[in-house]
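# Give the three-dimensional model of this entry:
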Amino acid sequence: MPVYDRVQAAAWLPASPDASLTARYRALPFPEQWWDVMLDLCNTGRPDAAEPYRTVPTYRMDQVLQTLAPDHLVLGRPFSGRGETGYWLLVPEGTAPLPESTFRALRDTWLGDLRPDMATSPEYRELLRDARNLLNEAPPSWRPAELELLRCPVTDGGTAAPLDHMYPLTTDQVARRVLALEPFDFGGGRLRFHAVPRGPKDQGAELVSEPLPFETRGRTWWYSVVLNITLHTVPFDGLPRIHLHIGIRRWATRVGARTGRLHLARGRKSTVLLRPRVPWLRGAPVSDRFAVAHLERRWDREAGAWTTGWAGGGPTGILRKISLAEPFPDTEEILASPEKWLIDDMRAAVVHSTAMGTHGVGAGLMSDQRSQIMEWAQAAMPAELRPVPERVRTRLGSSAPSAPKGTHRDQRTRKATAYAMTCLDAATPADGRPVLEARLLWQTPEMRDTAIDALTTHLGLVDADHPTDAKFRDAVPGTPAVLEWVTPELTVRLRCMKLTGGLGTDLPIMDGARPTRATVTTAIATRRDEAAAFLAADRPGAVPSIALVELDRAADFATPHHDPKFALRLGFAKAGVLTQFLAVPKKVKGYNTVGNAGHRALMAWDDALRQLGARYHTRPSPDTGVPAEMRYAAIWMVRRNQKSRTRWSGYVPVAVLVTPGPEDGTARVQGWDAAADAGAGDWISYPAMLLRLTEYADVSSAAPDVADENDGPVRRPRRRKSMDEQRRATEEWLQKVQRSLRGVPTMLLAQAQNARSHWTWLQDGRLEADRIRTGHAPARRLDPDLRLVRVRNGRDRETAQWWGVNRDDGPNGLPSHLWVPQHGGGRVFWSTTPKPVQFQSSAVVADKLGGRRLTQGPRAGELTVDTDKPAWNPSLVELAVLGCHESDGDVPEALALAVHHLRQPADYPEALSLPLPLHLAGLAQQYVLPLPSEGSGG
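Predicted structure coming up:
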């Protein structure tokens, strides 16, 4: 086995602070004289109560340019727009922009599309005519521009602050250099890439290879390699970073046997890459880049049915009055023959998503093959860029925390659970043993017995009288079938009853039609109240308890709207009981949860006890310098937005505090209750906080993509005003939380992508070392007992892909450790953890493109293909020690090592993607939002 003592990231940075890279363009500013007339068009006829447009919505025009003029670079504009000198459109020097007549035709059609609801208004039509005449009198003109792409300002905190245009243009420039390389030779063929146009809201540049076939089990699947190039910053580093991410793009080509069409999920957009034989717009230059459009299955109110078409009317909507050189692809033809359109020089390639079903090609590329493609791409990097330096293992400690000694796992779990129950209930029974009371709400006898066996295994329980089948069958709330065990640490009481009354069935929503908001609200509220009444009859006590609930998996219900999981969670919480769901064991095509039922039940009990605050905590080693009594606090913003299953309407801040117990191995977990102590706020038990959070669940917005009850538009709060209010509320909330942490050494953790929108101090451009700001007052030094660590993962490609460097010219691997700068020091560290058990067999030498020969085992020397196997790579997690007290003995590397160890708690079978306190805080959102990712044990 190779030993990887160094890691390399797929990232580049300027060779020096003075390094400069420029590019020349033809640029088109958004004409200032257009603003008034276009804003009048947008705001005409809007209700007085509606917030007026302050900037012209160019999204539809940008979308059309991405599709029909892919060589045009579309830049985002500032919110105000007026008086800005920034550019709207750019084309690289040597590329011709659209002819003036073509651009004018596009512009005029876009103007008419700004307010389609006003198209029949005589007043609006006259205003539209005047606007077109005025714009024709002052047409925009393209002008030469030379822009800096690398050198950028630096913040007061010492962090690079790239200018807005650098994010799309620097990455586009690198992408063009990659395209100029000879195609990548993978042994069985060559990868030739094409650029994908990017809009102002897209991140960086994207290159997609021409499709590759994969034959398996009598059918052909298609896939490509995709390269994403993005620009990022790192706290306290004055040089920006360019990341190169490599992945697999799978193409949707399988049509349904019954429908004969490609399946599109309701309410979701599917990206389509297009390559016309000739430019659609007459006079437009020929381009080697893809065009982009989106297919959408949406609810047609007039027809009262689901229909499929180009999203938002697509280019065909805005171009209905423009003559095209070649007809735009018909959606029905693409859906009926997606493979034909794909292999015909990629005239139309529909991107596969998991909502479309399974795919024969596994996702991702493994580390060694990624490093080979990176080495090929390195030749495209300009001399002004150099690879980021390799990092080495920390010498302060091992990769994983010290394993507990002297006790078996079940004994440790009983010990942690007993301490958690003691923290919940101050009243100690006469025998001195705390009581763990749990409920098992079952639907099948098989899973009932499996769950009971799993609990006895997990806690090492023996000698309980097992009720008869008749007792189980007759058990109801109030008179359940009870099992009881007595251990040296605690008494365990399990109350078993069948989930009856239709609680586990689909919510009562009519199938077929798009449900209204009122229908979904009523269904959730009704099932919630039924669940609360059901469990209240079993007389739960004042101390929070847990119920393991056997329920069908989400895919077994008619639609996501019909899934009762969230309604049951709210109802049981109303009765004072937390919930952990466990999928009904089934054997269906492509899905079998019978064979692993025991493992799933064991994991479900593990998660259930953690909701009660049962945690095994290993104290940091004394030689690291981290205080043994160090507490770990974490904040998490539960946000309801358009990517959640709820509509955007607000947020709930969550804070969790993990405090070491009286002896090594125990820990107390608490949550922040802002309403406690007459509004001053206080820490309460973690399960009590989870129950309290259900009060924030807004069932009126619990369903995705629902109409209101009279099918009219639903008014939502203005995002800008609401976000300002939320930030102020967050700062006030943070001030109270921070004050409560004084007096005891505490490390405060926050996840960058989650919290920085509301706590803006966490943004790279605002950070200053060893300082903190939680309001309008200037930043100040940290409290003496507080440390601040920001965690950032690979979401939005903000941390780079990586691999372990093999010094013996062997395959590059995936080692786990805390990685530090070679010469020590610094505040930013990299954390990597082992692969989960389900991916342990993923070979680092796996080849998705050309196959490889096996080197070990009885099949050594044989050729194997890895294209159908998923390639999972642990994410590189960035740990930035934003604030500590080095003059008082703090060592940033030691603090980072403690956080790295928190990703590998002793009572978890696998490493966590986030440190334990952040993980617990993030899980709390299950009691506020009906998240689709919430586990069901299946």
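# residues touching the residue nearest to the spatial centre of the chain, list them.
Of all residues in the chain, the one closest to the mean position by Cα atoms, centre = their mean is R795, 6.0 Å from it. Applying Cβ atoms under 8 Å, 6 or more residues apart in numbering to R795 gives the contacts Q753. For glycine as for every other residue, the C-beta is placed from the backbone atoms N, C-alpha and C.
# Look up phi and psi at it.
Torsion angles at R795 (phi, psi; degrees, to the nearest 10) stand at phi -60, psi 140.
# what's across from Y651 in the sheet?
R639 (DSSP bridges).
# okay, now it: neighbour count?
Y651: 20 surrounding residues under other Cβ atoms under 10 Å.
# got it, and E725?
Around E725 there are 12 residues (other Cβ under 10 Å).
# Doesn't it lie inside a helix?
Yes - under DSSP: H, G, I helix; E, B strand; the rest coil, E725 falls within a helix.
# Residue numbering should commence at 628 henceforth.
Will do, 628 is the new start, and the previous item becomes E1352.
# Quick check: it vs L1368, distance?
Separation of E1352 from L1368 (Cβ to Cβ, to the nearest Å) stands at 25 Å.
# again, but for V1471
42 Å.
# Pick out whichever of these two has more residues nearby.
Set V1471 next to L1368 and count neighbours by other Cβ under 10 Å: V1471 wins out with 23 against 19.
# what mean pLDDT does stretch 1447-1455 have?
Across stretch 1447-1455, pLDDT averages out at 93.
# what separates that stretch from the chain centre, distance-wise?
29 Å (Cα atoms, centre = their mean, to the nearest Å).
# Outside of it itself, list whatever touches it.
861-864, 1016-1021, 1396, 1456, 1505-1509, 1519-1520, 1523.
# and R1414, how many neighbours does it have?
Using other Cβ under 10 Å: R1414 sits among 26 other residues.
# same thing with T1426?
T1426: 23 neighbours (other Cβ under 10 Å).
# My read is that it contacts A1507, right?
No - T1426 is beyond contact range of A1507, at 10.9 Å (criterion: Cβ atoms under 8 Å).
# what sits in contact with each of the two?
Residues touching both T1426 and A1507 (Cβ under 8 Å, 6+ apart) are R1419.
# what residues are up against P658?
Counting by Cβ under 8 Å, 6+ apart, P658 makes contact with A765, P767.
# do that again at 6 Å, thanks
P767 (Cβ atoms under 6 Å, 6 or more residues apart in numbering).
# Could I get the phi/psi values of it?
Per degrees, to the nearest 10, the backbone of P658 is at phi -60, psi 130.
# Quick one, grab the pLDDT at it.
In this model, P658 carries a pLDDT of 74.
# re the thing from before, out of the contacts of stretch 1447-1455, which end up buried?
861-864, 1018-1021, 1396, 1456, 1505-1509, 1519-1520, 1523 (16 or more other Cβ atoms under 10 Å).
# Just those residues: which are in strands?
Residues of those located in strands (DSSP state E): R1018, V1019, R1020, F1456, E1505, L1506, A1507, V1508, L1509.
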